[in-house]
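A.B. asks: A structural model of the following input is requested.
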Amino acid sequence: MSLTKRTYSLPTKSLEKFEKSVKPGKRSTIIANLIEEWLYEQDRKKLREQIVEGCKEMKDVYLEVEEEYHPLEEEVHRAI
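C.D. replies: Numbers count the residues shown, from 1 in each chain. You can find the predicted model right below:
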């Protein structure tokens with residue numbers, strides 16, 4: 001994994017607590033993991049939004065399919 005050094009401004013109190021809680025050799029790893037988790041959650045959020053939007057766009061098709069097959073489904077349940 002290649003590493004790149006960056007400079008960011010962070011709240012002083014949060015940074016002090018972080019540095020007290022995490023040993024110097026572990027800090028970059030923890031921050032990298034937090035960033036990866038955040039990016040993963042952002043991707044999942046975007047995907048969820050796209051799925052919901054797709055479902056909204058397809059609702060008329062889903063209703064047509066339901067109307068077409070619902071009587072057949074009821075017939076099968078009566079037969080069972």
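
A.B. asks: which regions of the protein lie under the pLDDT threshold?
C.D. replies: Scanning the chain for pLDDT under 70 picks out no residues.

A.B. asks: Report the central residue of it.
C.D. replies: Nearest to the mean C-alpha position of the chain, by CA atoms, centre = their mean, lies residue 44 at 2.1 Å.

A.B. asks: for this protein, what's the longest helix?
C.D. replies: helix 27-79 (DSSP state H).

A.B. asks: For that one, what is the distance to the chain centroid?
C.D. replies: 12 Å (CA atoms, centre = their mean, to the nearest Å).

A.B. asks: Hmm, residue 18 is touching residue 27, no?
C.D. replies: Yes. Assessed by CB atoms under 8 Å, residue 18 is found in contact with residue 27 at 7.3 Å. C-beta here means a position set from N, CA and C on the backbone, and glycine is covered the same way.

A.B. asks: rewinding a little: show me what contacts the residue nearest to the centre of the chain?
C.D. replies: Residue 44 is in contact with no residue at all, counting by CB atoms under 8 Å, 6 or more residues apart in numbering.

A.B. asks: what does stretch 30-41 contact?
C.D. replies: Outside stretch 30-41, the residues within contact range by CB under 8 Å, 6+ apart are residue 22.

A.B. asks: give me that answer again for 10 Å
C.D. replies: Stretch 30-41 has contacts (CB atoms under 10 Å, 6 or more residues apart in numbering) with 1, 3, 8, 10, 18, 21, 22, 23.

A.B. asks: among these, which ones are buried?
C.D. replies: Neighbour counting by 16 or more other CB atoms under 10 Å classes none of the contacts of stretch 30-41 as buried.

A.B. asks: Which one of these is nearest to residue 72?
C.D. replies: residue 1 (54.7 Å; CB to CB).

A.B. asks: any idea how far residue 17 lies from residue 46?
C.D. replies: Distance of residue 17 to residue 46, computed by CB to CB, to the nearest Å: 31 Å.

A.B. asks: and the contacts of stretch 30-41 as CSV, adding secondary structure and distance to residue 57?
C.D. replies: Output for these, formatted as CSV (DSSP: H, G, I helix; E, B strand; the rest coil; distance: CB to CB, whole Å):
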residue, secondary structure, distance to residue 57
1, coil, 40
3, coil, 43
8, coil, 39
10, coil, 41
18, helix, 44
21, helix, 47
22, coil, 46
23, coil, 51
